[in-house]
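[1] mind folding the following:
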Amino acid sequence: MRNTIAVFFVLLFSVGFAQTQADRNSANKDQQKPTPKAAYDQYRIITLQKDTTYVDTSLTIQKEYAYNYLRKDSFGLLPFANEGQTYTVLDFGFKKFAPYPEIGYAGKHFNFMKANDIQYYSVATPVTELYFKTVMEQGQCLDALIAVNTSERFNMSVAFKGLRSLGKYVNQLSSTGNFRFTSSYNTLNKRYYLNFHFTGQDILNGENGGITTLEDFEGEDPAFQNRARLEVYLRDAKSFLKGKRFFIDHSFLINKKKGNNNLYINHQFNYETKFFEYNQATVASTVGNTQILRFGEANVSSNINDQNRYNRLYNKFGATYENSLLGTFRFFTEDFRYNYFYDNILVLDSGVIPSSLNDEINTVGGEYEYRKNKWRGTFQYANSITIQPLSNLDAKLHYQINPKNELLFQYQMVNKIPDHIYNLHQSSFTAYNWYNDFKNEKINNLFVTAKTQWVEAALQATVINDYLFFSNDAVDPQQQFVTPKQYDKTINYLSVKVSREFKWWKLALDNTVLYQQVDQEDDILNVPQIVTRNTLYFTDYFFQKALYLQTGFTLNYFTKFYGNDYNPVIADAFVQNQTQFGDFPMVDFFVNARIRQTRIFFKLEHLNSRMTGNNFYTAPNYPYRDFMIRFGLVWNFFQ
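    Residues are numbered from 1 along each chain as shown. The predicted structure follows:
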């Protein structure tokens, strides 16, 4: 693998530094001229979908919302007590559906960057961004990036996000790393464009299974204010996910010059490997003076070591016809191959558990894109031509009424192959071995979004058939025998999200309210009915506008509901209908400042925790975060 990485880097550097003699002569002449100051639009950030933004050093309330471990607005997600752990999903609309199967272990993938999450750069001068934030105990979180163009046509960026946080509770260590290398290149005649990236990611978490005695946490005994004194189910368990990905997206213009009619050849390549491991040295858990088997009987007396491996190869070949009047037509074929495997075949009383799942899926599809005046639309459909019943219809229509008002309509119909963990799982725990042949999930999604000068509103209506989920089969409430199931009835989900900011003088009140309703015969898809975030803040300039200050309070709240529990063996959430949690306010006080290209953040998180009582949870047996003081910065350098 190291040799492969080296070959890719050498090839990319060779392409980037290979310039014609004319390019070098031009560069020498430019060095003799005074260098003008680069404009902001010369520092571009480009997504895989070719959407372009710019390096932004401003300080807004959205920057406050995005100053977190995920580096994006996390409204609708409730983090566990330690940084770098999993999340409870409060907003079902946060979940995205894709037709191809994934490995599973969804609780480990909130910070696992997918191909669509990677950004590419084109910058006039080298740019560096440093993100730093304190954590709960003994550690820090740092995200560093540098992007540089060796020429106008070749860019490289290198980034690494690292986290270490011990946490306040026993066996709650988080240690993660996300390495990214990206490269962009185009030829002098602009007929060939290439985007490449490599990622190496690893996520290690101590898994304590939650606290054993809720009375100790909820009581007022000051001895338990030191959270390390609370007993937990697992004192020596941990989970580990790592993965590597090589990705290429490139296109070539057939005609010599771009005109009213253009023909392109497109190719996308994605090779990814993943490895998941669950370790638990001591099988039995101690609750008071009693020993229990939290996950049931095991075929070993100690040192549980479950390992799973996965690799996937994806190729997409296409041809694009572009007409200045009619729009863009794209036809493509996809080849998707996967291998999901364990070391051995298991022969159990319940049957034979195979060692692997592997398959090859081929699809054909088309896409139409139209851009004219105030209208912009994209319509895509793909269907399998092999035996797997996979399909995906995705239609988007965007209408810009004027610069301050726009409408977006989206409809998606997905026939999704189940993630692999639902069909096959092996473990040293007897109850966690299964082999299934579930049907595809069928999802119909309708989104309507209105962004106006007065309010931003979004409506989502979703109909799901053959929904896959995990639930607990154990009778004892202190045990978890979590297995996959498929719901044979229809689930109807509806949500309305409204956002509005009110401004007066130097004060502002930013509000986001989410309403959710689920129509189902059984309590399978459980969400809070109301989720809200309200921020009252003050902004002003000081010291002859050298300092820009932002300070205020943020209230987060969600209504009580039967939220999912978390199981570390499968690293995923499972449905439970015994314990409700929620209905507790979370108030933060923040003071943020911007000095030139530096944004400084200071926050008192959950400052009301001592006032409202210890009834705050992110999942049954998993308390939410106590009051703490955190600070950090985001710093951009422009050379």
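[2] what about the stretch 351-500 of the chain, any weak spots by pLDDT?
    Residues of the stretch 351-500 of the chain meeting the criterion pLDDT under 70: none.
[3] how about the helices in it?
    Using DSSP state H, counting those that start in this stretch, the helices found in the stretch 351-500 of the chain span residues 420-423.
[4] one more: the stretch 51-200 of the chain?
    61-65.
[5] got the residue ranges for the strands in it?
    In the stretch 51-200 of the chain, the segments counted as strands under DSSP state E, counting those that start in this stretch are 52-54, 77-79, 87-89, 120-123, 127-134, 140-151, 154-165, 174-186, 192-207.
[6] separation between the residue nearest to residue 426 when sequence neighbours are not counted and residue 295?
    Nearest residue to residue 426 in three dimensions, chain neighbours excluded: residue 342, at 4.6 Å (C-beta to C-beta, 6 or more residues apart in numbering). Yep, even glycine has a C-beta here, placed from its N, CA and C like the rest. For residue 342, the distance to residue 295 equals 18 Å [C-beta to C-beta, to the nearest Å].
[7] what's the closest non-adjacent residue to the most centrally placed residue in the chain?
    For the chain, the residue sitting closest to the mean C-alpha position, by C-alpha atoms, centre = their mean, is residue 110 at 4.2 Å. Once flanking residues are discounted, residue 110 sits nearest to residue 87: 5.3 Å by C-beta to C-beta, 6+ apart.
[8] for that neighbour, give me its contacts.
    74, 77, 78, 79, 80, 107, 110, 618 (C-beta atoms under 8 Å, 6 or more residues apart in numbering).
[9] repeat that for 7 Å
    77, 78, 79, 80, 110 (C-beta atoms under 7 Å, 6 or more residues apart in numbering).
[10] picking up where we left off before, more neighbours, residue 342 and residue 295?
    residue 295 (29 against 19; other C-beta atoms under 10 Å).
[11] for the more buried one, what is the enclosing helix or strand?
    Under DSSP states H and E, no helix or strand contains residue 295.
[12] who's the nearest residue to it once chain neighbours are set aside bridged to?
    Closest residue in space to residue 295, ignoring its immediate chain neighbours: residue 429 at 4.6 Å, by C-beta to C-beta, 6+ apart. Under DSSP bridges, the beta-bridge partners of residue 429 are residue 298.
[13] repeat that for residue 530.
    On the basis of DSSP bridges, residue 530 is bridged to residue 515.
[14] start to end distance for stretch 122-131?
    Using C-alpha to C-alpha, to the nearest Å, the gap from the first to the last residue of stretch 122-131 comes to 20 Å.
[15] counting neighbours, what do you get for the nearest residue to residue 376 once chain neighbours are set aside?
    Once flanking residues are discounted, residue 376 sits nearest to residue 398: 4.3 Å by C-beta to C-beta, 6+ apart. When neighbours are counted by other C-beta under 10 Å, residue 398 registers 16.
[16] now do the contacts for residue 398.
    376, 377, 406, 408.
[17] taking those together, which two end up most distant?
    377 and 406 (13.1 Å; C-beta to C-beta).
[18] what's opposite the residue nearest to residue 132 when sequence neighbours are not counted in the beta bridge?
    Among residues not flanking residue 132 along the chain, residue 632 sits closest, at 4.5 Å (C-beta to C-beta, 6+ apart). Beta-bridge partners for residue 632, by DSSP bridges, are residue 133, residue 601.
[19] surely residue 632 and residue 135 touch.
    No: taking C-beta atoms under 7 Å as the definition, residue 632 is not a contact partner of residue 135, at 9.6 Å.
[20] so residue 300: helix, strand or coil?
    At residue 300, secondary structure determined by DSSP: H, G, I helix; E, B strand; the rest coil is coil.
[21] which residues touch it?
    Per C-beta under 7 Å, 6+ apart, neighbours of residue 300: residue 428.
[22] distance of it relative to residue 182?
    Remark: distance between residue 300 and residue 182 (C-beta to C-beta) = 43 Å.
[23] swap in residue 570?
    32 Å.
[24] tell me which of those two has more neighbours.
    Counted by other C-beta under 10 Å, residue 570 and residue 182 do not tie: residue 570 has more neighbours, with 27 against 23.
[25] who touches that one in this structure?
    Counting by C-beta under 7 Å, 6+ apart, residue 570 has contacts 105, 421, 425, 470, 482.
[26] then residue 47?
    residue 119.
[27] re earlier: so who does the residue nearest to the centre of the chain touch?
    70, 86, 87.
[28] burial count for the second one?
    Counted by other C-beta under 10 Å, the residues lying close to residue 86 total 26.
[29] is it in contact with residue 80, as I believe?
    Yes: Residue 86 is within contact range of residue 80, at 5.7 Å (criterion: C-beta under 7 Å).
[30] ok, residue 302 touching residue 281?
    Yes: if you go by C-beta under 7 Å, residue 302 and residue 281 touch, sitting 6.2 Å apart.
[31] residue 435 and residue 470, how far apart?
    Per C-beta to C-beta, residue 435 is found 16 Å from residue 470.
[32] those two: which has the busier surroundings?
    More neighbours surround residue 470 than the other of residue 435 and residue 470, with 22 against 16 (other C-beta under 10 Å).
[33] ok, the more buried one touching residue 482?
    Yes: if you go by C-beta under 7 Å, residue 470 and residue 482 touch, sitting 5.1 Å apart.
[34] quick check: neighbours shared by the two?
    Common neighbours of residue 470 and residue 482 (C-beta under 7 Å, 6+ apart) are 570, 574.
[35] how far out from the middle of the chain is stretch 157-175?
    16 Å (C-alpha atoms, centre = their mean, to the nearest Å).
[36] oh, that last question was meant for stretch 536-552, not what I typed.
    Averaging C-alpha positions (C-alpha atoms, centre = their mean) puts stretch 536-552 32 Å from its chain's average.
[37] just stretch 535-546 next, same as before
    The answer for stretch 535-546 is 32 Å, by C-alpha atoms, centre = their mean.
[38] now stretch 179-191
    Using C-alpha atoms, centre = their mean, the offset of stretch 179-191 from its chain centre is 25 Å.
[39] what does that stretch rub up against?
    Contacts of stretch 179-191 (C-beta under 7 Å, 6+ apart): 12, 15-16, 113, 118, 120, 122, 153-160, 192-200, 252-253.
[40] for residue 107, see how far away the closest residue to residue 621 other than its chain neighbours is.
    In this structure, residue 621 finds its nearest non-sequential neighbour in residue 210, 2.8 Å apart by C-beta to C-beta, 6+ apart. According to C-beta to C-beta, residue 210 and residue 107 sit 14 Å apart.
[41] just residue 187 next, same as before
    44 Å.
[42] what residues are up against residue 217?
    211, 224, 230, 614, 623.
[43] check contacts around residue 431.
    Counting by C-beta under 7 Å, 6+ apart, residue 431 makes contact with 295, 296, 481.
[44] tell me the one among these nearest to residue 414.
    residue 481 (30.4 Å).
[45] quick one, phi psi at the closest one?
    For residue 481, the backbone dihedrals (degrees, to the nearest 10) come out as phi -110, psi 80.
[46] before we move on, the earlier item: rebuild the contacts of residue 87 as TSV, extending it with distance to residue 606.
    Shown next, in TSV, are the contacts of residue 87 (distance: C-beta to C-beta, whole Å):
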residue	distance to residue 606
77	15
78	12
79	11
80	13
110	20
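[47] which among the residues you listed gets closest to residue 392?
    residue 110 (23.3 Å).
[48] do you know the pLDDT at that closest one?
    Here the pLDDT value assigned to residue 110 is 95.
[49] repeat for residue 502
    pLDDT, residue 502: 96.
[50] okay, and the beta partners of the closest residue to it other than its chain neighbours?
    Among residues not flanking residue 502 along the chain, residue 509 sits closest, at 4.6 Å (C-beta to C-beta, 6+ apart). With DSSP bridges applied, residue 509 shows beta-bridge pairing to residue 502, residue 536.
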